[in-house]
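*Asks:* Generate coordinates for the sequence data below:
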Amino acid sequence: MKTTRILATRTLAIAAVCAAALGLGAAGVKLMSPTPAHASDAEVASPIKVDDFRLTTADYHSIELRRMKDAKAIVLITQQNGCPVIRNTAASVKELQKQYAGQGVEFMMLNSTPTDNHADIQAEAKSFGYDLPILMDSNQLVGEQLGVTRTAEAIVIDPKTWKIVYRGPIDDRVTYERQKAKADHTWAKDALDATLAGKPVADAREDAVGCLIDFPHRNKIAYSKISYVKDIAPIVRDKCVACHEQNGIGPMPLTSYEKIKAYSPMIREVLRTQRMPPWRADPTVGHFLDDKSLSGDQIKTLVHWVEAGAPRGEGKDPLAAKTFVASDWPLGKPDVILDVPAYKVAATGIVDYQHPWVKNPETEGKWLRASTIKVENRQVVHHILTGYMADVPAAGQPAFEDKWGVSVGGYAVGAESEVMPADTGAFVPPGGAIGFQNHYTPFGKEVTEHSKIGLYFYNKKPDLIMHGSVIANPNISIPPNQGAWEQKAYITFPKDALLYSAFPHAHYRGASSQLWLQTPDGAKKLLLVLPNYDFNWQRDYNFAQPIKIPAGSKLIAIYTYDNSIRNPANPNPNRTVPWGDQSMDEMLYTALRYRWVGETSAAPNSFDEALNGSRLFGMLDQRIDNKITKDELTGPVGSNILAHFDQIDFKKQGYISPDEWATVQSMMGHRHHASGSATPEDPSSPKSTDAKPTSAAATPAKPEKVASASTTATH
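*Replies:* Residues are numbered from 1 along each chain as shown. As a prediction, the model looks like this:
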């Protein structure tokens, strides 16, 4: 390896940061004579191999390293906002990307500076022309493991072995003191050429020359003092035991030091890859009730404890001294228990949705305040949905959703009990029947599934009514072998409302989900984002404070889908994927729960009809500009409407406007059921839905801590 280069001192780094603040490049500042590098550069070890990790990107998607095993090479470039060296390296980054376009080389940036937020990194990327994913290593665990000390360092990884084959500058064109028009050494390019050719890299290490990045928790002496008794047991008790206990839904109990230590390597892995905890909402967007996530400090404490050898510490085991047993009914004894009709699920194959029903045992109307669905076999049940039916079906007749009204509860993989906000309820009429939509998924063993639903009613009539609707796009059509296919849909609120929760839903190819509020003045606010959507963990996200939705506002759902070979759950990456009930097809479906401002149980309104009537327009208007143009009319629904475009565009503007659409709907007698579901004649409406049902008073919000979710089910 070549002689170590002289690196910038701390004073030099400060000068460079000041230059960045003044908008100057490194070449525009007269710098002091450099002295040898900060000691941390030499002390930090560089690993031979890279451990797996998943990180959120600056634009709210996520990337898992091991899913790139089909790449020819992977290049991580360390980045930090404001650093003049990485800014002035942008041209070299773009040139390197250009040289290896189409050759299977993946380029990403790694930002390990916790104070750099999503918006600022996106602005930095736009200003300096970064056209590659920027990974947010906010907890610094990836940078620590990689031995990162400075920005503008390229780390070249061979996915065949996950070994680091080169680390150092991209080339020698930029340092603190100077820039050259042309590089004399192209180390990163040389390393890539050798790796692609299957040859050893001649120069595997050069010293980075970027800005120092502070890693305050890197010192193993400091975190070796973390102990199970003092630091780890409280985290596990508060965040893990509710699932990982006797009769719990977690796959193993975590109720003593010995049990937790035995799984400590796995705990480190699932934290670094974001498989646990089962909470997918990005922590930088919104605040939610019953938040199941771990804080950054808790994640770092757990990982550092494992890396320090999982020391026990002095004192009694705080968990072993107690007995943890999951409750059958976490909300207490129900007022009514409904038996979901039993169904024998075969060991293999595909099971069509089942639509059984039971008579409603209540002879008087009741106001629902909460519900819990107790699933007998979690491995076989993907979801159970419910809906009140005024008429009792004939014996053997299925209870399809087009007859449903209010929901009395629902279960999906990862969902929990549902509890209404205070003094808010859903009215369940007397008599009639409760219909079910049951999705069963065989797992290699024949079982008979027999779940139960516990209902909890108010003793007196609440003042407020909870409503439910969905943002849906049954027109989706995902091309084969696409790794990041985006689809949108929205609904428009005709009156002021308060949004209580959102339930994003897709299938195996779902990769990320966002929910935006766009007010009539055009302002947009991100309400909820799931950078790493997980089909195995689905739940309501209940806002800590209801979100005000002014009349005329749009709620916009944006989903990305991974229909590529890199998605390990993808049933077939070579298939064009349509909307469909079964999990091998797809959905764009965000269930919402809200109240109309000013409405009371004594004076209900019918605003739901206008809200749900906006759904089809919002499905087709992909530019979200209140215009449907011919090029937006794709997919099965769009193609059908395209044939009648000129008739619908009676103003001859070249696009379909909302008032033109409303006129056509009115002329067609287009109406929506009180449940919020479109009529069977609506070409956008599927016969059934693989998510929560829409209803005039849908499944309730849940402000209190209740039973946890399961990771044992595989669907």
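
*Asks:* in stretch 447-461, what's buried?
*Replies:* Residues of stretch 447-461 classed as buried: Val447, Glu449, Ser451, Lys452, Ile453, Gly454, Leu455, Tyr456, Phe457, Tyr458 (neighbour count, 16 or more other Cβ atoms under 10 Å). In this view, the C-beta of every residue, glycine as well, is placed from N, C-alpha and C.

*Asks:* Which ones among these lie within strands?
*Replies:* Of the buried residues of stretch 447-461, the ones assigned to strands by DSSP state E are Val447, Glu449, Lys452, Ile453, Gly454, Leu455, Tyr456, Phe457.

*Asks:* dump the residue contacts of the first one.
*Replies:* Put plainly, it is Val447. Val447 makes contacts with Lys344, Val345, Asn377, Gln379, Val380, as judged by Cβ atoms under 8 Å, 6 or more residues apart in numbering.

*Asks:* Ok, the second one next?
*Replies:* Taking Cβ under 8 Å, 6+ apart as the contact definition, Glu449 lies against Ala342, Tyr343, Lys344, Val345, Val375, Glu376, Asn377, Val380, Val381, Asn438, Tyr440.

*Asks:* cutoff 6 Å now
*Replies:* By Cβ atoms under 6 Å, 6 or more residues apart in numbering, the residues touching Glu449 are Tyr343, Val345, Glu376, Asn377, Val380.

*Asks:* Mind pulling up the pLDDT for the nearest residue to Ser112 once chain neighbours are set aside?
*Replies:* Excluding its sequence neighbours, the residue lying closest to Ser112 (Cβ to Cβ, 6 or more residues apart in numbering) is Gly143, at 3.4 Å. Gly143 is assigned 97 on the pLDDT scale.

*Asks:* OK, contacts around Arg272?
*Replies:* Contacts of Arg272 (Cβ under 6 Å, 6+ apart): Phe53.

*Asks:* Give me the phi and psi for it.
*Replies:* Taking degrees, to the nearest 10, you get phi -70, psi -30 for the backbone angles of Arg272.

*Asks:* Identify the residues contacting Gly315.
*Replies:* Gly315 neighbours (Cβ under 6 Å, 6+ apart): Val229.

*Asks:* And for the nearest residue to Gly129 once chain neighbours are set aside, the neighbour number?
*Replies:* With sequence-adjacent residues excluded and distances taken as Cβ to Cβ, 6+ apart, Gly129 is closest to Ala90, at 5.6 Å. The tally of other residues near Ala90 (other Cβ atoms under 10 Å) stands at 19.

*Asks:* My guess is Ala90 contacts Ser127. True?
*Replies:* No. Judged on Cβ atoms under 6 Å, Ala90 makes no contact with Ser127 at a distance of 9.4 Å.

*Asks:* where exactly do the strands run in the stretch 501-650 of the chain?
*Replies:* Using DSSP state E, counting those that start in this stretch, the strands of the stretch 501-650 of the chain run over 510-518, 524-530, 541-549, 554-563, 577-578, 589-596.

*Asks:* how about those, which one is nearest Val201?
*Replies:* Closest approach to Val201 among the strands of the stretch 501-650 of the chain (Cβ to Cβ): strand 554-563, 31.2 Å.

*Asks:* Am I right that Gln122 sits in a strand?
*Replies:* No. Read with DSSP: H, G, I helix; E, B strand; the rest coil, Gln122 is helix and lies in no strand.

*Asks:* ranking the strands of the stretch 501-650 of the chain by burial, who's on top?
*Replies:* Mean neighbour count (mean count of other Cβ atoms under 10 Å) peaks for strand 589-596 among the strands of the stretch 501-650 of the chain, with a mean of 26.

*Asks:* which residues touch that strand?
*Replies:* Applying Cβ under 6 Å, 6+ apart, the contact partners of strand 589-596 are 464, 466-472, 495, 497-505, 557, 605, 607, 691-692, 698, 701.

*Asks:* Do you have the strands of the stretch 251-400 of the chain handy? List them.
*Replies:* Listed in chain order, the strands of the stretch 251-400 of the chain (DSSP E, counting those that start in this stretch) span residues 336-339, 343-345, 357-359, 366-374, 381-389.

*Asks:* Adding mean pLDDT, write the ones you listed out as TSV.
*Replies:* Output for those, formatted as TSV (pLDDT from 0 to 100):
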stretch	mean pLDDT
strand 336-339	97
strand 343-345	97
strand 357-359	97
strand 366-374	96
strand 381-389	94
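
*Asks:* So which of the ones you listed is nearest Tyr561?
*Replies:* Minimum separation from Tyr561 across the strands of the stretch 251-400 of the chain (Cβ to Cβ) falls at strand 381-389, 18.5 Å.

*Asks:* now for that closest one, which elements pack on it?
*Replies:* Secondary-structure packing of strand 381-389 (3 or more Cβ pairs under 6 Å, 6 or more residues apart in numbering; DSSP states H and E): strand 410-412, strand 433-440.

*Asks:* Repeat the analysis, applying 10 Å as the threshold.
*Replies:* Using 3 or more Cβ pairs under 10 Å, 6 or more residues apart in numbering; DSSP states H and E, the elements in contact with strand 381-389 are strand 357-359, strand 366-374, strand 410-412, strand 424-428, strand 433-440, strand 447-449, strand 452-457.

*Asks:* isn't Lys652 right up against Asp646?
*Replies:* Yes. Between Lys652 and Asp646 there is a contact at 8.3 Å, judged by Cβ atoms under 10 Å.

*Asks:* out of the two, which sits in the busier spot?
*Replies:* With neighbours defined as other Cβ under 10 Å, Lys652 and Asp646 compare such that Asp646 has more, 10 against 6.

*Asks:* That one: what's it in contact with?
*Replies:* If you count contacts by Cβ atoms under 10 Å, 6 or more residues apart in numbering, Asp646 has them with Lys630, Lys652.
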